[in-house]
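> Give me a 3D structure for the following:
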Amino acid sequence: MKLSDLLIALRYWVSSEVRIILLSSILLLSFSSQIKAGVDSFNISPNGIGIKGYLTNSVVNKAGNDLTLRDAVNLALLHNPELAAFSKEIRALEGATLQAGLLRNPELMVNVENLGNIQKLSGDINSSESVSKEIVQQLTTIRVSQLFELGGKRAARVNAASLGEELAAKDYETRRVEMIARVANVFTEVLAAQERFRLAEETMQVAQNVVNTVTKRVLGGKVPPIEETRVKVGLSTTRIELEQAQRDLTSARKRLALLWNSSFPQFNKALGNLESLIAPPNFQALETRILDNPMALRAMKNIEHRKALVEVQQTRRIPDLTLNAGVVHHALLGGSTAVAGLMVPLPLFDRNQGNLKEAYERVDKAVDEQTAMELRLKTELAQSYEAMSAAWNEINILRDEVLPGAKDAFNVTRRGYELGKFGLLELLDAQRVLFQNQLLYVRALANYQRLVNDIERLIAMPIDSLPTAQKTSAR
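Numbers count the residues shown, from 1 in each chain. All right, here's what the predicted structure looks like:
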């Protein structure tokens, strides 16, 4: 596993001194990667990617079987079958590179003419009978041939195969980055589902308190019994919402566990805080990092690979040389004669024109694909950034204006209802507005975290490592 994978979720709520100690301890463990990854690997800093500060500082929670995002990412990188398939492809291409550098095997040829005519000549060897026997005598020819590739064919093949291997490594890095972002997104869904379930429990408790208050007023003869029926209907509604929140949480937990090929979640709860936020950085600072994305690096590496294939086709225009040497054994005469030969194809008609044209056109295609890839990444970054900025403004409004007002309105209305200053409809409406805005706040937090995950996937590095990024915590 890569060291960057182990640092994936270290955006801890600890001081910088503690981070240095933790990183030093990890480095001493000397974890190394089995797969080479160049500068396009994730460049994960100690803070990790997609982990916007809502993780705890332990890999395994000692108090129980709780799960951090770092745990989830490590499990997915170790056990996800998609990543395993990519790593096997890289090892397969290592074999292709080895094969490309091997020399051609020599060839052995044994040729027998006039098989069976092995009688020795007797009498006058100049007689017509002896001459006819000599002409049709058995000849055994043994030759060894060796092909010599000219024009740097083998070196060109090795270079192209090595670049193909690097291209597969870029594919692995791309899928690895996407897997980390996917885990971070599903982990965020679990955190949001846990928060919605907590809010549903609190809302049901508030509804139960309202029922108790209304029941007392009904028993005291201050309000009609119909109001007790209304609040009990509201209590049943909150119970339904609680059950729905429980189902959503169960579904999110299963989706998270499936990322590391587990059918059932083996953890109690996900540890994190959705309200630990990173302010949107400057857009230009993000755009300058877009070319660090493994997909962009793969597009550039693909151009190199295509140019290497052009070189391979160019070397094939040069004819190869085949040398052979051997002996010819004369059965009747009883002697052997050394023979040697040289074979060189004459490139009169086929000079590899078609393959060379194809290779040049594929280079141009790779250049166009790189331009299209950069444009697509920049477009996705711009869209995600605009959505992120809008979500940031929504969170600030909900946190600083809407939620405090909704809480104050509910508390005042509930107290006023107990004193007989407000009716039941005002109380139920205040309760409904508070619950809805609390849900909106949780959804806005989860949406913002997902957008940060997406941007970090595009720039292949954590946002909080940028100079302009600031982390805030909602209160």
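> Do you have the helices of the stretch 101-250 of the chain handy? List them.
128-135, 153-219, 226-258 (DSSP state H, counting those that start in this stretch).
> Output those as CSV; include the columns distance to residue 79 and mean pLDDT.
C-beta coordinates here come from the backbone N, C-alpha and C atoms, glycine included. Putting the helices of the stretch 101-250 of the chain into CSV (distance: least, CB to CB, whole Å; pLDDT from 0 to 100) gives the following:
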stretch, distance to residue 79, mean pLDDT
helix 128-135, 77, 57
helix 153-219, 11, 90
helix 226-258, 10, 89
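> Next, count neighbours for residue 150.
12 (other CB atoms under 10 Å).
> so it touches residue 317, yeah?
No: using CB atoms under 8 Å as the test, residue 150 is too far from residue 317 to be in contact (10.5 Å).
> mind giving me the domain ranges of this protein?
75-99+162-313+354-473, 107-148+318-343 (automatic domain parsing).
> would you put the C-alpha positions of stretch 443-459 in PDB?
Written as PDB, here are the backbone C-alpha positions of stretch 443-459 (Å, rounded to 0.1, in the frame of the first residue of the first chain):
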ATOM      1  CA  ARG A 443     -28.300  18.100   3.600                       C
ATOM      2  CA  ALA A 444     -26.400  21.300   2.800                       C
ATOM      3  CA  LEU A 445     -23.500  20.200   4.900                       C
ATOM      4  CA  ALA A 446     -23.400  16.800   3.200                       C
ATOM      5  CA  ASN A 447     -23.700  18.400  -0.200                       C
ATOM      6  CA  TYR A 448     -20.900  20.700   0.500                       C
ATOM      7  CA  GLN A 449     -18.600  17.900   1.700                       C
ATOM      8  CA  ARG A 450     -19.500  15.900  -1.500                       C
ATOM      9  CA  LEU A 451     -18.600  18.900  -3.700                       C
ATOM     10  CA  VAL A 452     -15.300  19.300  -1.800                       C
ATOM     11  CA  ASN A 453     -14.600  15.600  -2.400                       C
ATOM     12  CA  ASP A 454     -15.300  16.100  -6.100                       C
ATOM     13  CA  ILE A 455     -13.000  19.000  -6.400                       C
ATOM     14  CA  GLU A 456     -10.200  17.200  -4.600                       C
ATOM     15  CA  ARG A 457     -10.700  14.300  -7.000                       C
ATOM     16  CA  LEU A 458     -10.200  16.800  -9.900                       C
ATOM     17  CA  ILE A 459      -7.100  18.400  -8.500                       C
END
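> Can you pull out the residues in contact with it?
The list of residues contacting stretch 443-459 from outside it, by CB atoms under 8 Å, 6 or more residues apart in numbering, reads 49-50, 52, 54, 177-178, 180-181, 184-185, 188-189, 191-192, 195, 274-275, 277-278, 286, 289-290, 292-293, 377, 380-381, 384-385, 387-388, 391-392, 394-395, 398, 462-463, 474.
> In helices only, show me those.
Using DSSP state H, the members of the contacts of stretch 443-459 that fall in helices are 177-178, 180-181, 184-185, 188-189, 191-192, 195, 286, 377, 380-381, 384-385, 387-388, 391-392, 394-395.
> among those, which ones are buried?
Buried members of the ones in helices among the contacts of stretch 443-459, scored by 16 or more other CB atoms under 10 Å, are 177, 180-181, 184-185, 188-189, 191-192, 195, 286, 377, 380-381, 384-385, 387-388, 391-392, 394-395.
> Could you give the bridge partners of residue 140?
Beta bridges link residue 140 to residue 112, residue 329 when assigned by DSSP bridges.
> out of the helices of the stretch 101-250 of the chain, deepest packed?
Comparing the helices of the stretch 101-250 of the chain by mean neighbour count (mean count of other CB atoms under 10 Å), helix 153-219 ranks first with a mean of 20.
> Now do it: distance to the chain's middle.
Distance, stretch centre to chain centre, for helix 153-219: 14 Å (CA atoms, centre = their mean, to the nearest Å).
> for stretch 323-340, same thing?
The chain centre lies 64 Å from the centre of stretch 323-340; the measure is CA atoms, centre = their mean.
> Could you list the buried residues of it?
By neighbour count on 16+ other CB under 10 Å, the buried set for stretch 323-340 is 324, 326, 328, 331-332.
> Just the ones of these in helices?
Short answer: the buried residues of stretch 323-340 have none in helices (DSSP H).
> Could you dump the residues you listed into CSV with distance to residue 138 added?
Putting the buried residues of stretch 323-340 into CSV (distance: CB to CB, whole Å) gives the following:
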residue, distance to residue 138
324, 21
326, 16
328, 11
331, 4
332, 7
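> Closest to residue 415 out of these?
Nearest to residue 415 out of the buried residues of stretch 323-340 is residue 324 (CB to CB; 106.2 Å).
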